[in-house]
Structures are given as structure tokens and as C-alpha cells.
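1. sequence and predicted model, in that order:
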Amino acid sequence: MIQFLLVLATGLIAQLIDGGLGMGYGVTSTSLLLQLGFTTAIASATVHFAEIFTTFFSGISHLKFGNVDKKIFIPLVISGVIGGIVGVYLSVKLQNTDSIKPFVSVVLLILGLVMIYRFISRHEHCEHVTPSRKRTFLIGFPAALIDALGGGGWGPITTPALILHNSHPRKAIGSVNLAEFFVTLAISISFLLMLPKIEWTVVLPLLVGGLIVSPFSAYISKRIPHGALGILVGFTIVILSLRTILKSLGIDFIF
């Protein structure tokens, strides 16, 4: 029951953050699940199974409102599915390796820094262009690989990367969100085939926590300053990741 409540709280917190920022569910959930003692593969699989539902509804909404550019969407899906499958394979094979948890924590730390940078810097472009298929492919593959290996990172990596390459922010966000459903589905199916056992007792409270908070996402998005919240979440992820890294080095952290 204690584990159920802790994972439920993780789902609540992650969805609150994602509702306010439009990204960060996977990174936040995985960071918190690692602190609860779950292996990297179990944490990533749990998060992705829970995300199937949220990414589906988010992606369909963006498609409905015309926020998807197929020239961005299609190469993102192709490269993302391939990168996700490779990431799952590495996650499962290395989950019991002593170095994998600090490695994933380093990835999460970098993602936390990316989030901080994303919300501190403001890049405005007068002319928006669609990146080439090759460039989009080179963005999607590593983003999905890291997402599968670390339990999050698709949004924090792909969206800023596309915007920094002069993509229209609305088209970048919409295309990334719709592509995320297919990437998440591929990652989840891969975990289902490669992991000997799925911890459904962990997936359920994480999903329920997210569903409880989902109706408030629009309100949160309007009321909470995105920049301040994004920076705060980024710093939180950095601190949690540093805690795991330092503990792996035998250094006691403050908490």
C-alpha cells in the first residue's frame, strides 16, 4: 500500500508538471521512480505504458487543431520508433549493471539542464522553415533512444532542437506530440516482449495519478508561469540525478 501511494503521488506530480509545461512527464516520473528503488528498465517501462494514453489524446488534439506538419512528423516517427527499440534493448540488457543507474541519472541530469536552458532562453525567429528529413531523422533517433533508456526525454530534446532549427513552434510541438504516441507505443511493445515481467502494480497507480490530475492541466497551463515552473522542475531533476550519481560513487547526499 505504501508503494502504491508513493507511485500514485509520482503520477500526480509528474502530470501536474506536464500540464503546466507541456513536457516533463517522463523525465520527472523516471527520476522519482529511481529514487523509490526501481531498476532503470522497470522505471522506463512503467512510465511508457502509462504514457500511451496521455500521448494518444494529446497527439489527436494537436492533429485536430492543425498543429502537425507531416514533413516533420513522418521522419520523426520513423527515426523515433527505430531509436526507441534500440533504447529498450539496451535498457533491458543493462538494467542489472551497476553503472546503468548512474548513467541514466547522468542522462536525466543533462535533460534537466536542457529544460532549464529551454525556459531561461527565448529564441525568436522572424522566418520559420521546415528542417530537412535527414536533420529531423538525426533529431528523432537519439531522442527516442534516450527516452527509452532513461524513461523520458523525447519532448525536452526534440521540441527545443526543432525550434532552434527555425521550425515554427506550434508545428514543432504538434508534430512532436503526435509522433510521441507512436514512439511510446513502439517502446511499450518492445518492453512487453523483452522484459520477463511487467510491474503492472506500478503502472496502475502511476496511470491513475496522471488521470486524476489531467482535467486540471488546462487550468494549470494558464495560471502557472511556464518559465518559473520549467526552471524549478529542471533544478529538481538535476538535484535528484546528482543524488543518485553521488550515491553510486559512495558519497552520502544530504537527503
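-> All right, it came through fine. Computed from a predicted model, the values in this text were never measured in an experiment.

2. helix or strand right after the helix or strand where residue 134 lies?
-> Here residue 134, judged by DSSP states H and E, is contained in helix 133-150. Using DSSP H and E, the helix or strand that directly follows helix 133-150 along the chain is helix 154-164.

3. from the contact counts, what lies against that following helix?
-> Secondary-structure packing of helix 154-164 (3 or more CB pairs under 8 Å, 6 or more residues apart in numbering; DSSP states H and E): helix 25-35, helix 70-94, helix 100-120, helix 133-150, helix 169-194. For glycine as for every other residue, the C-beta is placed from the backbone atoms N, C-alpha and C.

4. just the buried positions in stretch 158-165, please.
-> Neighbour-count burial for stretch 158-165, with 16 or more other CB atoms under 10 Å as criterion, is recorded at 158, 159, 160, 161, 162, 163, 165.

5. pLDDT on it, on average?
-> Stretch 158-165 shows a mean pLDDT of 78.

6. what's the answer for stretch 238-248, then?
-> pLDDT averaged over stretch 238-248 gives 77.

7. one more: stretch 115-128?
-> The model assigns stretch 115-128 a mean pLDDT of 66.

8. once you drop chain neighbours, what's closest to residue 115?
-> residue 234 (3.7 Å; CB to CB, 6 or more residues apart in numbering).

9. low-confidence bits of the stretch 151-255 of the chain, can you list those?
-> Low-confidence segments of the stretch 151-255 of the chain, defined by pLDDT under 70: 214-227, 229-230, 233, 252-255.

10. middle-most residue in the chain, spatially?
-> Nearest to the geometric centre of the chain sits residue 152, at 2.8 Å (CA atoms, centre = their mean).

11. count of neighbours near residue 120?
-> Neighbour count of residue 120, defined by other CB atoms under 10 Å: 11.

12. nearest residue to it other than its sequence neighbours?
-> residue 231 (6.4 Å).
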